[in-house]
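**Q** compute the structure for the input listed below.
(one chain, ligands or ions: 1)
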Amino acid sequence: MAMEMDQLVALCKRRGYLFQSSEIYGGLNGFWDYGPLGVELKRNVREAWWRDMVAGHNELIAPPGAPEPYQMVGLDCSIIMHPQVWKCSGHFDLFCDFMVDCRESKRRYRHDQVNGRWVEHRGRRVFVATEAAGDEGLRDTEQKALKFFNLRNKDAGELQWDGGLVSLTTVTDHAEVLGPDAKTLGTLTPPREFNLMFKTIVGAMGGEEDAAFLRPETAQGIFVNFKNVLDSTRVGLPFGVAQIGKRFRNEITPRNFTFRSREFEQMEIEFFCRPDSSPQWYAYWRDRRYRWYIDLGLAGDRLRLRDHSKDELSHYSCGTADIEYAFPFLPPGEFGELEGVAHRGDFDLRSHMEGKLVRQGDQLVLEVDAEGKPRHRGSGKDLSYFDDQTKQRFVPHVIEPSAGADRATLAFLCQAYCEDEAPDENGVPQKRTVLKLHPRLAPIKAAVFPLVKKDGMPEIARDLYGELKTRMNVFYDEKGAVGRRYRRQDEAGTPYCVTIDGQTLQDGTVTIRDRDSLRQWRVHRRELVDELAGRVG
Ligand code: ATP
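**A** Next up is the predicted model:
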């Protein structure tokens, strides 16, 4: 599996899907650039989401599974917001991870991402730590323990293991811990809290009072604009507000290609509804969002919907489910989050009205300091809703489907990558690498080839290319054997290739070749645009 990921990473670089940011200066960990093909793919992911969730949504009828019809509108908010936003949302105090540093290797780890096992040899008990999980973690800790105790592989039986792989968070004292990259014991520092928000300074004065943050999520822009949306449109409950945009998170250990980056894009909906119907809306959005990934090609056995257990729920949430994908870089059986769908109750709107809230039993109450004053004051603005139907005023409940555009793009790439065989122009099978991307997502929808560079074929091909280009992203190629041109497009994920050949000169038909089935059929050149437009969505 690890091999497959290396091949995908290599393909992404070779074909211009993804590059390391600032590569010529050695790169910057956790930051990525999308190349000429990657930018089209990610745009298509975003556009598919916006079309399916927002622009193409019909507010006159209830979609299957929805309790009633609803409206959808969009927003595009600023990345830097008033610092009070993050105080009331909880990010200022709570958006933290714990990290541990290794004094020997100078490496930094996220405390909850280090695992390890207790092992004893001749009365000496050590916790051998690793960043790996599952079977890989077991193998890694065994190798490290053998090395540490100066044993050979054949002496592995002398090691007495005490239990399986557990998190470093279960170990209170680091004196007996062998760090993941250390040779000596006790080199890991105690865990320290680390706020994941990027800090910046607004304006020229540059004092601490001018400090601001790059947004760690897109949601808050929607909450603080709730009243603006109500006052400027004719939306009424239930309705959703969508936003796609950059967010920043100073991850301690960015890794796994774009999966855990420090700058990435989010596609998020805050769906406002009446409190009594919120459980039905939660179920609707969970299922709707899960189906979206399947419809765009993620396979059922690599995708799962996982409900959070009670103790995993955020402090405000009445229910959360993750949509997860079995990324090839994860150990077998493990899944990585693509999207979280959360029932957030009235936590967010109330926080921006009243101030930072905390849960006390079943209640959300204002957090106060030692003198009984609010820890972080809200805006004091009324963010409640007057329901014309019931003549009641209340704070709406919120369902939040929150997806990562970069993780979804990565999952679509992982799913699409495949190696198989296709016959060349002489009918001899040739190995090929192919990205079987859904036609809606494919960066290039079709490639246009004249079979040979003579007899008027390039002229016809160029005309057709010009016609197609006004409707979709197409690519023109007249160089080299047609089989090689096909394989280059297979690797770029182009679903259709159109060839202008001898028969075109006689009857005006062209050949279309399907990337996945390799089926070829002819259509008249007059019908080509409609034929392809109908297929690429
Ligand atoms: P994780 O548990 O993986 O850190 P999260 O549950 O904290 O993620 P949210 O803050 O709920 O993530 O973000 C919503 C979505 O944004 C995630 O489902 C994921 O697709 C994406 N996302 C979160 N963190 C990152 C990151 N560091 N890099 C890329 N995408 C991310």
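**Q** count of neighbours near the residue nearest to residue 388 when sequence neighbours are not counted?
**A** In this structure, residue 388 finds its nearest non-sequential neighbour in residue 236, 7.1 Å apart by Cβ to Cβ, 6 or more residues apart in numbering. Placement of C-beta: from N, CA and C, glycine included. Look at residue 236: counted by other Cβ atoms under 10 Å, it has 15 neighbours.
**Q** find the closest residue to the ligand in this structure.
**A** With Cβ to the nearest ligand atom, the shortest gap between the chain and the ligand falls at residue 404, namely 2.3 Å.
**Q** surely residue 229 meets residue 241?
**A** Yes: contact criterion Cβ atoms under 8 Å: residue 229 and residue 241 qualify, at 5.8 Å.
**Q** quick check: residues of this protein near the ligand?
**A** Contact residues, the chain versus the ligand (Cβ under 6 Å from any ligand atom): 217, 249, 251, 260-261, 264, 266, 337-340, 402-404, 406-407.
**Q** any low-confidence regions in the stretch 301-450 of the chain?
**A** The model of the stretch 301-450 of the chain has pLDDT under 70 over residues 314-316.
**Q** pretty sure the residue nearest to residue 388 contacts residue 396?
**A** No: using Cβ under 8 Å, residue 236 is not in contact with residue 396; the gap is 10.5 Å.
**Q** which residue is nearest the middle of the protein?
**A** For the chain, the residue nearest the mean C-alpha position is residue 407 (2.4 Å; Cα atoms, centre = their mean).
**Q** quick one, longest helix in the protein?
**A** Longest helix in the chain, counting residues (DSSP state H): helix 278-295.
**Q** what's near enough to touch the closest residue to residue 333 other than its chain neighbours?
**A** Sequence neighbours aside, residue 134 is the residue nearest to residue 333 in space, at 6.7 Å (criterion: Cβ to Cβ, 6+ apart). Counting by Cβ atoms under 8 Å, 6 or more residues apart in numbering, residue 134 touches 165, 331, 332, 333, 334.
**Q** 7 Å instead?
**A** Taking Cβ atoms under 7 Å, 6 or more residues apart in numbering, we find residue 134 in contact with 331, 332, 333, 334.
**Q** same check, this time on residue 89
**A** 220, 351.
**Q** cool, residue 98 as well?
**A** 111, 112, 191, 192, 193.
**Q** format the residues you listed as JSON lines; extra columns: pLDDT.
**A** Shown next, in JSON lines, are the contacts of residue 98 (pLDDT from 0 to 100):
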{"residue": "111", "pLDDT": "92"}
{"residue": "112", "pLDDT": "88"}
{"residue": "191", "pLDDT": "90"}
{"residue": "192", "pLDDT": "87"}
{"residue": "193", "pLDDT": "83"}
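**Q** ok, of these, which one's closest to residue 145?
**A** residue 111 (21.4 Å; Cβ to Cβ).
**Q** you'd agree that closest one is up against residue 101?
**A** No: using Cβ atoms under 7 Å, residue 111 is not in contact with residue 101; the gap is 10.5 Å.
**Q** what segments of the stretch 1-150 of the chain are helices?
**A** Taking DSSP state H, counting those that start in this stretch, the helices of the stretch 1-150 of the chain run over residues 2-14, 36-50, 83-89, 91-94, 134-148.
**Q** got a markdown table for those, with mean pLDDT and distance to residue 174 too?
**A** Shown next, in a markdown table, are these (pLDDT from 0 to 100; distance: least, Cβ to Cβ, whole Å):
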| stretch | mean pLDDT | distance to residue 174 |
| --- | --- | --- |
| helix 2-14 | 84 | 30 |
| helix 36-50 | 98 | 41 |
| helix 83-89 | 93 | 32 |
| helix 91-94 | 85 | 25 |
| helix 134-148 | 93 | 15 |
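**Q** residue 288 is nearest to which of these?
**A** helix 36-50 (11.8 Å).
**Q** please export the C-alpha coordinates of the closest one as CSV.
**A** Extracted C-alpha coordinates of helix 36-50, given in CSV (Å, rounded to 0.1, in the frame of the first residue of the first chain):
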residue,chain,number,x,y,z
PRO,A,36,-1.8,23.2,-13.8
LEU,A,37,-3.8,19.9,-13.6
GLY,A,38,-4.2,20.0,-9.8
VAL,A,39,-5.8,23.5,-9.9
GLU,A,40,-8.4,22.3,-12.4
LEU,A,41,-9.1,19.1,-10.3
LYS,A,42,-9.5,21.1,-7.1
ARG,A,43,-11.7,23.7,-8.8
ASN,A,44,-13.9,20.9,-10.1
VAL,A,45,-14.2,19.4,-6.6
ARG,A,46,-15.2,22.8,-5.2
GLU,A,47,-17.6,23.5,-8.2
ALA,A,48,-19.2,20.1,-7.9
TRP,A,49,-19.8,20.8,-4.2
TRP,A,50,-21.2,24.3,-4.8
